[in-house]
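1. I would like the atomic coordinates for the input below:
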Amino acid sequence: MNVRWVLAAGVIFVVLAAGTGIAWRTGAFRSDGSSGVSPGAPPPATRPVVREDLSSTTPVTAILGYARAYTVRGQGGGALTSLPSAGQVIRQGQVLYQVDNGVPVVLLYGSVPAWRMLDEGLTGADVTELNHDLVALGYASGPDISPLGWDYFSWETAYGVQQMESALGVSSPPGSLPLGSVVFEPEPIRVTNVLGSLGGPAEGPVLAATSDQHVVTIPLSTAQESQVAVGDPVTVTLPDNASTPGKISSVGTVATGTASNATIQVTVTLTHPRVAGTMDQAPVTVYITTASSPGPVLAVPVAALLAQSSGAYSVEVVAAGDTRRLVPVTVGIFDDNSGMVQVTGALTPGEQIVVPAT
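-> Residues are numbered from 1 along each chain as shown. A predicted model of the protein is given here:
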């Protein structure tokens with residue numbers, strides 16, 4: 001046999017043997033369930049499988065403003081001599097504006113507008129509003145008004161009116177209310193625009209106003225209408241990126257826009273209105289809950305999901321001795337807030353699964 005051939009064959013055998021040993025040590029040839037990690041390599045980053053409540057949310061754009069708009073109209077004669085400033089909030093029993101020589105025009109609460117002079121002997125819904133206002137403000141007593149009738153302008157009502165007028169600085173209060181001396185609105189108002197001018201007539205539109213309550217308005221696509229209902233909790237992200245809870249207070253039934261882009265109006269009230277400060281017509285994001293688990297479900301971090309060529313998902317479970325195995329899972333609710341996803345598969349709470357290292 002040729003000596004050079006024998007030597008060459010020996011060299012080839014040594015190289016193959018060495019390569020096989022390296023491959024065995026590096027795990028290139030491993031049985032199912034082996035870790036495939038070189039000795040001394042850092043352990044993988046893991047997170048436990050858990051059971052917890054999950055919910056899925058969808059962000060929608062919305063506007064934060066004030067609810068309901070009002071136009072305060074003057075109905076008396078004279079000239080405007082004092083007006084509030086834009087942004088001022090006026091409440092029950094407070095002065096809206098003044099006419100002539102400091103005569104106050106007062107805000108009272110009620111849904112029936114002032115339409116006549118209120119004087120002793122009259123009855124009606126406007127008198128009922130007046131009596132309730134006088135009691136609420138402490139100028140009259142409910143037990144004294146009630147026997148005579150809430151809708152009756154009695155001498156007790158006249159005495160309460162005198163007390164109110166005196167507190168507002170009216171000299172020689174007559175105990176009656178001329179048309180234009182009070183304005184009935186259902187709630188406190190926030191002045192948005194002063195329509196009258198000092199020295200101008202105290203008739204017609206004097207103030208533009210809204211309520212003093214913030215509200216979030218969502219122009220929601222009709223395709224998402226089934227995802228919302230009155231009472232549903234939401235999360236609102238304000239322009240400064242602060243988040244605050246809220247609740248859906250109304251869902252519109254009339255769609256507007258084109259057939260391909262129809263929307264309904266959904267309103268949200270804030271759980272803690274003070275966080276909105278004085279913001280008006282501010283763009284915000286509302287996170288609507290579109291799905292929620294009926295109770296604690298099996299969950300893993302979304303980052304642990306491994307997409308398979310079949311379109312399915314699996315997770316990599318780490319067991320004792322750093323052995324690993326792929327476990328097929330079916331995904332359910334994705335919770336963007338927690339970064340977790342509902343899974344169904346051969347997993348138990350507490351098992352460690354591989355996640356990307358951070």
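2. count the residues that sit near residue 328.
-> 15 (other CB atoms under 10 Å). In short, each C-beta sits where N, CA and C put it, glycine included.
3. can you check residue 307 too?
-> The tally of other residues near residue 307 (other CB under 10 Å) stands at 9.
4. that one against residue 315, yeah?
-> No. Taking contacts as CB atoms under 8 Å, residue 307 lies outside contact range of residue 315: 11.2 Å.
5. so where's the protein uncertain?
-> Applying pLDDT under 70 to the chain flags the ranges 1-42.
6. then stretch 338-355 to CSV, C-alphas only?
-> Extracted in CSV, the C-alpha atoms of stretch 338-355 (Å, rounded to 0.1, in the frame of the first residue of the first chain):
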residue,chain,number,x,y,z
SER,A,338,-49.9,44.5,31.1
GLY,A,339,-48.1,43.1,28.0
MET,A,340,-49.7,39.7,28.7
VAL,A,341,-51.7,37.3,26.5
GLN,A,342,-54.2,34.6,27.3
VAL,A,343,-53.0,31.1,26.2
THR,A,344,-54.5,27.7,26.2
GLY,A,345,-52.1,24.7,26.1
ALA,A,346,-50.2,22.1,28.1
LEU,A,347,-48.9,24.7,30.6
THR,A,348,-49.3,25.1,34.4
PRO,A,349,-48.9,28.2,36.5
GLY,A,350,-45.3,28.7,37.7
GLU,A,351,-43.6,27.0,34.8
GLN,A,352,-40.7,29.2,33.5
ILE,A,353,-40.8,30.2,29.8
VAL,A,354,-38.2,31.9,27.7
VAL,A,355,-38.5,35.6,26.9
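7. give me the contacts around it.
-> By CB atoms under 8 Å, 6 or more residues apart in numbering, the list of residues contacting stretch 338-355 from outside reads 44-52, 54, 293, 297-305, 313, 315-318, 324, 327-335.
8. swap the cut-off to 7 Å and go again
-> By CB atoms under 7 Å, 6 or more residues apart in numbering, the surrounding residues in contact with stretch 338-355 are 44-52, 54, 293, 297-305, 315-318, 327-334.
9. among those residues, which ones are in helices?
-> For these, not one is inside helices, with DSSP state H as the criterion.
10. whichever of those end up buried, select them in PyMOL.
-> Command for PyMOL that selects the buried part of the contacts of stretch 338-355, burial taken from 16 or more other CB atoms under 10 Å:
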select buried, resi 44+47+49+50+54+293+297+298+299+300+301+304+305+315+316+317+318+327+329+332+333+334
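11. from residue 172, how far off is residue 100?
-> 15 Å (CB to CB, to the nearest Å).
12. the closest residue to residue 154 other than its chain neighbours: neighbour count?
-> With sequence-adjacent residues excluded and distances taken as CB to CB, 6 or more residues apart in numbering, residue 154 is closest to residue 148, at 4.2 Å. Using other CB under 10 Å, residue 148 is surrounded by 14 other residues.
13. for residue 148, grab phi and psi.
-> With angles defined as degrees, to the nearest 10, residue 148 shows backbone torsions of phi -90, psi -10.
14. for the longest strand anywhere in the chain, name the packing helices and strands.
-> When the chain is parsed with DSSP state E, its longest strand is strand 69-82. The helices and strands touching strand 69-82, judged by 3 or more CB pairs under 7 Å, 6 or more residues apart in numbering; DSSP states H and E, are strand 95-99, strand 201-211.
15. which of the ones you listed is buried the deepest?
-> Most buried of those, by mean neighbour count (mean count of other CB atoms under 10 Å): strand 95-99, with a mean of 21.
16. OK, contacts around residue 75?
-> Residue 75 touches 114, 179-180, 203, counting by CB under 7 Å, 6+ apart.
17. likewise residue 191?
-> 84-88, 207, 209.
18. from the residues you listed, keep the buried residues only.
-> Taking 16+ other CB under 10 Å as the criterion, what is buried in the contacts of residue 191 is 84, 88, 207, 209.
19. can you tell me the helix or strand for the closest residue to the first one other than its chain neighbours?
-> Read that as residue 84. In this structure, residue 84 finds its nearest non-sequential neighbour in residue 191, 5.1 Å apart by CB to CB, 6+ apart. Taking DSSP states H and E as the definition, residue 191 sits inside strand 189-194.
20. so what are the sheet partners of that strand and their directions?
-> Using DSSP bridges, the strands paired with strand 189-194 are strand 89-90 (antiparallel), strand 201-211 (antiparallel).
21. alright, I will stop here.
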